[in-house]
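Colleague: Any chance you can model this:
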Amino acid sequence: MRPVFKSDEIPQSEGWGILCFLALIEFISYLILFANEGDIFPSLSIELLALLVKIPVYSTILVFCAIRFGRIDRLELVPNRRDALILLAALMIEFWVFGLLVGPERFKTPLHESIKDLSTGQYYIAILAIVVFIPLGEEIVFRRYFLEIQRQHYSTGISILLTATAGTLFHFEWSWPPLLWHFYQEAFLSSVYVKSRLGASVLVHAFINALVLFLSR
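Modeller: Now for the predicted structure:
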């Protein structure tokens, strides 16, 4: 196992504590946002604000994790040659799954529909948040910290299942098709991370989000 933390062993409860802390911060942020809808940033749509609020939320939890567990080496975000092969294979699998098994009609969600109604400037800001900031934040929290803490206590397979379950619940979609879809993606991203580096799973996550946006246009 790669040495990823500054301490030898971290209690499993701290992994779940990270996610509870993340959920609490996000919940409070949304309460403030929707209680003051249109008053805080009147020029921005509520759909865009709901996306942008994730940036300070994840930034807060990442600072906490860096202090508590140790900072991430920047080299982890740079795929090497071996990672590039895994990354290429992962992107091909995702493109095949999206294009042939799922189909673009499955992505007509309220979120994507609301994003399409944004002004040009706000639309590109939303794209930046969805394709860059959110994949980076989620991969660091769920893969680099939560998954690695689970791997200190369980096998890699069990750790991937736990991470996939946690990541699925954080998408807050309770009907079966979306739940199964998010579970598959979370497990797939965790597998990519385990076989390569953090940078590879970030790029695959960004590719998935970009492809969903493209197919839902």
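Colleague: and L77, how many neighbours?
Modeller: The tally of other residues near L77 (other C-beta atoms under 10 Å) stands at 17. C-beta here means a position set from N, CA and C on the backbone, and glycine is covered the same way.
Colleague: List the residues that contact it.
Modeller: Applying C-beta atoms under 8 Å, 6 or more residues apart in numbering to L77 gives the contacts 197-199, 202.
Colleague: Pull out the buried members of these.
Modeller: The neighbour count (16 or more other C-beta atoms under 10 Å) marks 197-199, 202 as buried among the contacts of L77.
Colleague: ok, so of the residues you listed, who is nearest S43?
Modeller: Minimum distance to S43 across the buried ones among the contacts of L77 is 30.6 Å, recorded for V202 (C-beta to C-beta).
Colleague: And the furthest pair within the buried ones among the contacts of L77?
Modeller: Taking C-beta to C-beta, no two of those sit farther apart than R197 and V202, at 9.1 Å.
Colleague: The longest helix seen in the chain: what's the following helix or strand?
Modeller: Counting by DSSP state H, the longest helix found in the chain is helix 12-35. Counting by DSSP states H and E, the next helix or strand C-terminal to helix 12-35 is helix 46-52.
Colleague: Can you list the helices and strands that that following helix packs against?
Modeller: Where contact means 3 or more C-beta pairs under 8 Å, 6 or more residues apart in numbering; DSSP states H and E, helix 46-52 is packed against helix 12-35, helix 110-116, helix 120-128.
Colleague: Out of the ones you listed, which gets nearest to E47?
Modeller: Nearest to E47 among the helices and strands packed on helix 46-52 is helix 110-116; the distance by C-beta to C-beta comes to 4.1 Å.
Colleague: which one of the contacts of L77 is nearest Y124?
Modeller: Out of these, the member with the shortest distance to Y124 (by C-beta to C-beta) is V202, at 20.3 Å.
Colleague: Which residue is the nearest non-sequential neighbour of that closest one?
Modeller: Excluding the flanking residues, the one nearest V202 by C-beta to C-beta, 6 or more residues apart in numbering is E139, at 4.6 Å.
Colleague: List the contacts of the residue nearest the centre of the chain.
Modeller: The structure's the chain has its C-alpha centroid closest to E138; by C-alpha atoms, centre = their mean the separation is 3.0 Å. Applying C-beta under 8 Å, 6+ apart to E138 gives the contacts 58, 167, 205.
Colleague: quick one on the thing from earlier: for the buried ones among the contacts of L77, which one is nearest Y145?
Modeller: Within the buried ones among the contacts of L77, the smallest distance to Y145 is 10.4 Å, found for L198 (C-beta to C-beta).
Colleague: Quickly note the distance from the nearest residue to the closest one once chain neighbours are set aside to E9.
Modeller: Spatially, and ignoring its direct neighbours in sequence, L198 is nearest to E76 (4.4 Å; C-beta to C-beta, 6+ apart). For E76, the distance to E9 (C-beta to C-beta, to the nearest Å) stands at 20 Å.
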